[in-house]
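In: Got a sequence here, can you build the structure:
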Amino acid sequence: MILVVCVLSMGGLAVAGWVIKVAHSAPNLSQVRAEKHGAPSKIYAGNGRLMGSIYSPEVHYNSNGFPRLLKQATIATEDRRFYQHGALDYEGIVRAAIKDAVHGSTALQGASTLTMQLVDNEYLPRKYRNARANHDLKYKIVQAKLAEQLEAKHSKKWILDGYLNNVPYGTVGNQTAYGAGAASWMFFDKPVSKLNLVQAALLAGLPQAPSEYNPFQFPGQARTRRAHVLGSMVRAGYITQVQADRADRARLEIKHDAPDNSHLDPYVFNYIEQQAANDLCPKHPDNCPTLTNGGLKIQTTINLHDQAVATQSLRDHASLFAEVGGPGVGGGLASVNASNGHIQAIATSGDYAQTKVNYATSAMRQTGSAFKVFALMELIHDFNGDPNTTYYDSRPLEAGWLPEAPTWSVHTDDYSYAGSINITTATWMSDNTVFAQLSADMGNVKPGDKLDAIAHAMGITSTLTGNPSEVLGGLKYGTTPLQMADAYATIADGGVHHTPTIINKIIFPDGSVRNFGNPKGHRVFPYDQTYAADQVLEEVLTHPGATAYGNSYGCPAAGKTGTAENLENAWFVGYTPHISTAVWVGNPTGDVAMGPDAFGGTLAAPVWKQYMEDTDDGYCGGWTAPTEPFAGTAFTGPHASAPPPPPSYGNPTKKKSGKGTGAGNTGKGAGNTGTGAGNTGTGAGNTGAGTGGTSTTGGVSPTG
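Out: Numbers count the residues shown, from 1 in each chain. As a prediction, this is how the structure comes out:
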């Protein structure tokens, strides 16, 4: 019958042989493989728990999953006689042929049943796709043959389900929704089973021309198309005219879909998707068919307990951020397993509805004194320098002290100075002037210097420019909490760097597996050198008066505070033998000065402490001493000083610089009282706790 109709539509029997030839040459259904549009990619936590799915362009449902109204709207609009005819609606074909003849067309327009449309989208061989675009008769013959075979094999219910599951409904943001299930999320942000008449009518009208009727782009045309569908439903007897009129008056009721992250922080979700794309398509991650085609099982490294603790730790300090930092101040936290680079938690205080920036992975900020750790490792590794026997004068450095940066002046945060102190003391005090001199003496005054090389080897991936103030965190481009956590993890793991990853492994639809969770470690330092650094950095948390004193949680840990110039960014990066965690606090909008007490030890360290107290499954061990301890020697550069005479008691004292006669510092406890006197009397003044978080504040002027 189809051959007769096709011949008549062309005007006679003269071409009967050609029609029969085309039909016989067309493939059979058994020779055609159904088109695959993709399926959701599932995301799993480190413990195997399903956390959510990456948006899928195709979501399949059985017949019970589709609401009755959507089925009725689809049939009334696309194929009113669906249950009365077979694969082809011959009355419709003849009607379309006559219409085309009247208008002088040689193409066969319309007359496509739901079965024929399903063939178009799922079973039509690619070599006939161009003919389809032109509604060529050759294409119609092939389409009809496959449709008849499909309907002979399957029920009407199967055909309708196939149509509703596979037809394209539109594209938003480079994502095409194949099937009503995906389209319902795309246009209404709800499951298809929850659609009402207004929404079902809109959805049913989209497949005819998805781009023209896209309600986000062309709401007027979408309303017109919806009205046509409602009218068709009335004529088919599915709804009354009153119902149609009420629905026609309603707004479109569209809503952009949210990511499928009901069990997952959206910031974490986006970062997982981003790294999966980078891992699967490193040359073109923004266009990664392997990911967008779906069907993957992505096993991540996220520890759900640690993730929850990280988020809560930031929330619990929101009032502190506001009180000490000022309005709008927020924070980010990144935590890495030191032994393998697995990212265990990334948290941000941001509101995803307001900003998509993940502070833990994307906020590029100056680090302040947290960058001094790279100079410490440079001293130990490149110069065999012993932090306990290497001394420098804590003193104001006026412009001109360094020829390579003639305008650069350096001071401490409170403009008080401790005289000759060793590097260990300068670390827990966070003395800018000592580290500026040490770094200059080690040659860190130009691009490509050893400080930059050390930082990159430990895990910093940001561009470093080699300006002298980098040692104090004066970075031109900044860095992120994740990079800092990763870099400190190199020390935590005894000198081995592991590239951080949030992807453990990916299982493909065919069952094959790619492992990303065991990045090969690269040894940067021998163990005895990192153990020496551990001893220095532990004092940042345990030594009275240290910048993070009071933030130890009772287990061995080490770290460093950081406060950027003008109190714009506050940091604490700390680690145990198992975990390295970085916390940044600042204004998300940019480098905005915070309150006068907004130091790393005040704002960031308490967040770190709360997080670390409740992670690592209760581990509370320290570092094992090396069989052969580090045997460093005193490093003596041009600015180095001799050790001071042994103090009578107490911590190193700080003395104010040049504040009238008597040199200031005349507090209780004697000493420092004569004209020009310099800490020579008995009694050791200035022994009060708390030197505050020294930083790049004030006279530090980054030159890059």
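
In: what does the domain assignment say about this structure?
Out: Domain ranges of the chain: 2-249, 336-651, per automatic domain parsing.

In: Tell me the confidence at T355?
Out: With respect to pLDDT, T355 has a value of 85.

In: how much space between the closest residue in space to it that isn't next to it in sequence and Y123?
Out: Among residues not flanking T355 along the chain, P588 sits closest, at 6.4 Å (CB to CB, 6 or more residues apart in numbering). C-beta here means a position set from N, CA and C on the backbone, and glycine is covered the same way. Here P588 is placed at a distance of 51 Å from Y123 (CB to CB, to the nearest Å).

In: before we move on, what about A276?
Out: 31 Å.

In: And for W571?
Out: W571 sits 59 Å away from Y123, taking CB to CB as the criterion.

In: more crowded one of the two?
Out: W571 (36 against 21; other CB atoms under 10 Å).

In: Quick check, the more buried one in contact with A598.
Out: No - checked against CB atoms under 8 Å, the pair W571 and A598 is beyond contact range at 11.2 Å.

In: Now for those two: what residues contact both?
Out: T563, V585 (CB atoms under 8 Å, 6 or more residues apart in numbering).

In: re earlier: wait, isn't the residue nearest to T355 in contact with Q354?
Out: No - using CB under 8 Å, P588 is not in contact with Q354; the gap is 9.1 Å.

In: Tell me if I am right that T433 is in a helix.
Out: Yes - if the criterion is DSSP: H, G, I helix; E, B strand; the rest coil, then T433 is within a helix.

In: that older thread, out of the domains of the chain, deepest packed?
Out: Ranked by mean neighbour count, the domains of the chain are led by domain 336-651 with a mean of 21 (mean count of other CB atoms under 10 Å).

In: quick one: it to chain centroid distance?
Out: 23 Å (CA atoms, centre = their mean, to the nearest Å).

In: Next: stretch 154-174.
Out: Worked out by CA atoms, centre = their mean, stretch 154-174 lies 33 Å from the chain centre.

In: Quick one: the helices in the stretch 201-350 of the chain, in order.
Out: 219-235, 241-249, 266-280, 289-292, 304-316, 318-320 (DSSP state H, counting those that start in this stretch).

In: for these, which one sits closest to A177?
Out: Proximity to A177 (CB to CB) singles out helix 289-292 among the helices of the stretch 201-350 of the chain, at 12.7 Å.

In: Next, work out how far apart the residue nearest the centre of the chain and K255 are.
Out: The residue lying closest to the centre of the chain (CA atoms, centre = their mean) is Y271, at 2.5 Å. Using CB to CB, we find Y271 at a distance of 25 Å from K255.

In: Equivalent analysis for T602, please.
Out: Distance from T602 to K255, by CB to CB: 43 Å.

In: Next: V536.
Out: 55 Å.

In: again, but for I506
Out: On the measure of CB to CB, I506 and K255 end up 31 Å apart.

In: pLDDT below threshold where in the protein?
Out: Within the chain, the segments meeting pLDDT under 70 span 1-25, 36-39, 55-61, 90-111, 129-136, 173-175, 257-264, 510, 647-704.

In: one step back: please report how far the residue nearest to T355 lies from V329.
Out: 8 Å.

In: T292: which of the domains of the chain is closest?
Out: domain 2-249 (6.8 Å).

In: Show me how far the closest one is from its chain's centre.
Out: So, by CA atoms, centre = their mean, the centroid of domain 2-249 is 37 Å from its chain's centroid.

In: Of the helices of the stretch 201-350 of the chain, which is nearest G181?
Out: helix 289-292 (17.0 Å).

In: hmm, back to that, thought the residue nearest to the centre of the chain was touching I346?
Out: Yes - with contact defined as CB under 8 Å, Y271 counts as touching I346 (6.3 Å).

In: any idea what G621 is structurally, helix, strand or coil?
Out: With three-state DSSP as the criterion, G621 reads coil.

In: so how far is K560 from it?
Out: Distance from G621 to K560, by CB to CB: 21 Å.

In: do K505 as well
Out: From K505 to K560 the distance is 34 Å (CB to CB).

In: From the contact counts, what lies against the strand or helix carrying L541?
Out: According to DSSP states H and E, L541 maps onto helix 527-542. Applying 3 or more CB pairs under 8 Å, 6 or more residues apart in numbering; DSSP states H and E, we find helix 527-542 packed against helix 372-382, helix 423-429, helix 481-492, strand 558-563.

In: switch the cut-off to 6 Å
Out: Helix 527-542 sits against helix 372-382, helix 423-429, strand 558-563, with contacts defined as 3 or more CB pairs under 6 Å, 6 or more residues apart in numbering; DSSP states H and E.

In: mind listing what the last one pairs with, with the direction of each?
Out: The one in question is strand 558-563. For strand 558-563, the pairing partners within the sheet under DSSP bridges are strand 569-575 (antiparallel).

In: what angle sits between the helix or strand that the partner strand is followed by and helix 304-316?
Out: Using DSSP H and E, the next helix or strand after strand 569-575 towards the C-terminus is strand 579-586. Put simply, strand 579-586 runs at 30 degrees to helix 304-316, going by axes from the mean of the first three to the mean of the last three CA atoms, to 10 degrees.

In: Given strand 579-586, what are its sheet partners and their directions?
Out: Strand 579-586 is paired, per DSSP bridges, with strand 330-337 (antiparallel), strand 569-575 (antiparallel).

In: picking that back up, ok, which of the helices of the stretch 201-350 of the chain comes nearest T171?
Out: Of all the helices of the stretch 201-350 of the chain, helix 289-292 sits nearest to T171, with 12.2 Å by CB to CB.

In: Which elements pack onto that closest one?
Out: Using 3+ CB pairs under 6 Å, 6+ apart, helix 289-292 is in contact with helix 266-280.

In: Residues contacting stretch 497-513, please?
Out: Defining contact as CB atoms under 6 Å, 6 or more residues apart in numbering, one finds that stretch 497-513 is touched by 272, 275-276, 279, 295-301, 336, 340-341, 343, 458-459, 486, 490, 514-517, 519, 521-522, 524.
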